[in-house]
Each structure stands twice: as C-alpha cells, then as structure tokens.
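**Student:** Return a 3D structure for these sequence lines:
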Amino acid sequence: MFWKGSGRAEAATVVVPFDVDRTAVEAARHDPAAFEPLYRRYVAHIYSLAFYETRDPHVAEDITEQVFLRALDALPRFREQAEGEGSTFKVWLYTIARHVVANERRTRRRRPVEVIDAALEVRAPDDPATTVVARLEAERAWQAVMALPDERRQALGLRIVHELSAREIGQLMGKSEGAVRVLIHRALESVRRQLAS
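**Tutor:** Presented below is the predicted three-dimensional model:
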C-alpha cells in the first residue's frame, strides 16, 4: 500500500494485529504434545460455557473434552484472522464449543435424560430465611435469562459469564460489533423488566 504525497511514493505502515496464541498454535501444529498450553489456557473457559449452556457438570465435562479433541484434530485447518486484537484461536475454539453444545442439545431433545442429582442434593442451610430469599432471587434472574431469545441469551452469556469482548462475540456469532452491543443491551433490558415486574 502506498500513500500519494509530494510526488513520491512512500510505503505506508500496515499494522497486523498479533494473535496472542500464534506461537502456541504453531508449536501445536508441529507437535500435538505442544497443544497442552492452549488446553490449559482455555479449558476453564470452555467448561464454563458448556456448564452455562447445559447446567449439568457431567455433560459440561463431556462437551469440554469433545471441543478440545475436535480442536486438536482440526488445528491444521485453523487460519488466523487479522482482525482486532486478542486471539482468533480463542474465537475459533468458542465456535467449536457452540457447535458441540448445539449437537448435545439436539441429542437431548431426541433422547431426554432425567437428571436426579439435583433432587438428591439435600443439605441443611446455614440461615434458612436468607438462603431461601437468595435462591428465589437467583432462580428468578436465571429464569429471566433463560427466557431470552437464543441470540440474546448467548450474547449476554458470552459477554458477562465468559468476558468476551463485543468484537470477539461478533466474530463468534457472525455479527457486527454494533449488532452484538444491541443484542446485549436488549437482553439486559428484558431481564431488568422481568425482574422489576
């Protein structure tokens, strides 16, 4: 790229953002054993996403395992994008996780499984009144979030729970950064209205 200036061509400086995971990705491409630093960096994030979406720790563990196995298998096909700052590997990994979660949901709809773990969890509360109020408030907030349309719920979860930037969420969901901000704003307004009523 050149700038037209005072009769001579000057080379313009082009800044290509550096993917913070570039070195680790390149190492893992050459040696699968070198995938471990990437796994360690993102395993808690992916587990958290899976748990947020399924509310089942065992299913979240299975999803997390599938995500990293798929990522390791597909790593030779991963292409770094020169958009924004941070990690395009992270966005790519979250995309894989969203697909695995969607597959899990489809499977559960076809073959529902009763979860009895929650029914078996009985423990004496420290302060019954405080515990009941806190649980009711948390349950109301959770119901309000789960009642959101899928895109709003996902955008809100990715922003608040997983602390992804609007740009990263946009890359993940195939939307502009502005569209993501609108989704999150509308999600928060819906939850606020629901809790106020």
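
**Student:** Now the longest helix seen in the chain: average pLDDT?
**Tutor:** Counting residues, the longest helix found in the chain (DSSP state H) is helix 88-110. The average pLDDT for helix 88-110 rounds to 87.

**Student:** which strands and helices sit next to it?
**Tutor:** Packing partners of helix 88-110 (3 or more CB pairs under 8 Å, 6 or more residues apart in numbering; DSSP states H and E): helix 22-30, helix 36-54, helix 57-74, helix 166-173. The C-beta positions use only the backbone N, C-alpha and C, and glycine is treated the same way.

**Student:** Can you tell me which of those is most buried?
**Tutor:** Mean neighbour count (mean count of other CB atoms under 10 Å) peaks for helix 166-173 among the helices and strands packed on helix 88-110, with a mean of 21.

**Student:** Show the subsequent helix or strand relative to that helix.
**Tutor:** helix 177-196 (DSSP states H and E).

**Student:** what's the offset of the longest helix of the chain from the middle of its chain?
**Tutor:** Put simply, helix 88-110 sits 10 Å off its chain's centre (CA atoms, centre = their mean, to the nearest Å).

**Student:** how's this protein carved up into domains?
**Tutor:** Structural domains annotated on the chain: 1-121, 123-197, as defined by automatic domain parsing.

**Student:** Check residue 70 and give its pLDDT.
**Tutor:** At residue 70, pLDDT is 93.

**Student:** likewise residue 126?
**Tutor:** 58.
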